[in-house]
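Visitor: Sequence first, then the predicted structure:
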Amino acid sequence: MRRLSIASILAATLVSAAAIANPPKVDNLSKEIHELLSYNSIYTKNTDLTAKVWFTLTEEHEINVLYIQSNHMDVKRFLIRSLDQKKVSAPNAEIGKEYTVNVRITPKQSGV
């Protein structure tokens, strides 16, 4: 019984050490999407505009927008124009996998 618990502790230690030595790679897909959406000309009047975007990546690493859920047509147009068929590098992203991203466009602060 004692050997079993020592073996369990040793195995857990080895797994933990391996996880620390090889941390998972951070996917930069969300950073690239943020960059694509950072320059917008949508005017909001003291309220946030929100949307939810479903998309996949093609073999050429282009975003293929599948659906946009939003109550604002301007936001939908902006998201299609800014994301659909745009190339991203995202080395860890899975081709063909369906991704979802929540988007919030906030009013610009003047004088800050």
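Guide: Here it is on my side, so go on.
Visitor: can we go C-alpha only for contacts and neighbour counts from here?
Guide: OK.
Visitor: what about stretch 83-91, distance to the chain center?
Guide: Per CA atoms, centre = their mean, to the nearest Å, the displacement of stretch 83-91 from the mean C-alpha position of its chain is 11 Å.
Visitor: For it, buried residues please.
Guide: Within stretch 83-91, the residues that count as buried by 16 or more other CA atoms under 10 Å are 83-86, 88, 90.
Visitor: Distance to residue 62, pLDDT and secondary structure added to those residues, as TSV?
Guide: Output for the buried residues of stretch 83-91, formatted as TSV (distance: CA to CA, whole Å; pLDDT from 0 to 100; DSSP: H, G, I helix; E, B strand; the rest coil):
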residue	distance to residue 62	pLDDT	secondary structure
83	9	95	helix
84	8	96	coil
85	5	96	coil
86	5	95	coil
88	6	92	coil
90	10	82	coil
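Visitor: The residues you listed: which two are farthest apart?
Guide: Largest separation among the buried residues of stretch 83-91 by CA to CA: 84 and 90, giving 15.5 Å.
Visitor: Would you mind finding the longest strand in this structure?
Guide: Longest strand of the chain, by residue count under DSSP state E: strand 49-57.
Visitor: Flag every buried residue along that one.
Guide: Applying a neighbour-count criterion of 16+ other CA under 10 Å, the buried positions in strand 49-57 are 49-51, 53-57.
Visitor: Mind checking what helix or strand follows that strand in sequence?
Guide: Downstream of strand 49-57, the first helix or strand assigned by DSSP states H and E is strand 63-69.
Visitor: Check the buried residues of strand 49-57 against residue 98 and report the nearest one.
Guide: residue 56 (4.8 Å).
Visitor: Mind checking the pLDDT average for stretch 43-54?
Guide: Regarding stretch 43-54, the rounded mean pLDDT is 85.
Visitor: quick one: least confident helix or strand in this structure?
Guide: Least confident helix or strand, the chain: helix 2-21 with a mean of 44, by mean pLDDT, DSSP states H and E.
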